[in-house]
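S.K.: Structural data only, the sequence is not supplied:
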């Protein structure tokens, strides 16, 4: 075991100052990384394949994943985004980008936000924090969220049932994003 002794008349070494600067830099980088992720999602929308109308993409990083469903073409019908927006059993609120809806679980591990961007279509974003209820894998890209019991029951009340048995089921046109809401389970799965 190494012992360190600092003499009171000596200044701390340069490595200590460097480590302190890196710590402050990392605190500054967190908001910058979030901004870069938003830019990356926007760029993904701009370079979307021409044959896709609605796409889901994941940008996984340290402790969260972002899944975005958006209109891929100007002439597209935006079925997935509009269906998700209409399925949210919460009131729309006016925002800077137009009317929007939001659903969050009690621990804010899952955040589901959809906005009506007028002629630009609907855009929905799912932010999933890394937690015991989630799995986030980068290669291949896979994200899942699962709530059970009281949490699932609370979340299932926030979506409009679309099945005869009173459950909510959604699969996007690409088949990459699946959502299930019942009284006993609320799950979201994304896989490329």
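M.R.: Yep, that arrived. All figures in this text were calculated on a predicted structure; none of them were measured in a lab. Numbering: from 1, shown residues only.
S.K.: Please enumerate the strands of the protein.
M.R.: 54-58, 64-71, 93-95, 98-104, 110-116, 122-129, 134-137, 142-148, 168-171, 177-181, 185-191 (DSSP state E).
S.K.: got the angle between the last one and strand 110-116?
M.R.: Between the axis of strand 185-191 and that of strand 110-116 there is an angle of 70 degrees, by axes from the mean of the first three to the mean of the last three C-alpha atoms, to 10 degrees.
S.K.: Which elements pack onto strand 185-191?
M.R.: strand 122-129, strand 142-148, helix 149-156, strand 177-181 (3 or more C-beta pairs under 8 Å, 6 or more residues apart in numbering; DSSP states H and E). All C-beta spots, glycine's among them, are computed from the backbone N, C-alpha and C.
S.K.: buried sites along that strand?
M.R.: Neighbour counts over strand 185-191 (16 or more other C-beta atoms under 10 Å) mark 185-190 as buried.
S.K.: Averaged over its residues, which helix or strand of the chain has the lowest pLDDT?
M.R.: In the chain, no helix or strand scores lower on mean pLDDT, DSSP states H and E than helix 14-46, which sits at a mean of 48.
S.K.: just to revisit the earlier point, would you turn the buried residues of strand 185-191 into JSON lines with pLDDT?
M.R.: What follows is these, written out as JSON lines (pLDDT from 0 to 100):
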{"residue": "185", "pLDDT": "97"}
{"residue": "186", "pLDDT": "97"}
{"residue": "187", "pLDDT": "98"}
{"residue": "188", "pLDDT": "97"}
{"residue": "189", "pLDDT": "96"}
{"residue": "190", "pLDDT": "93"}
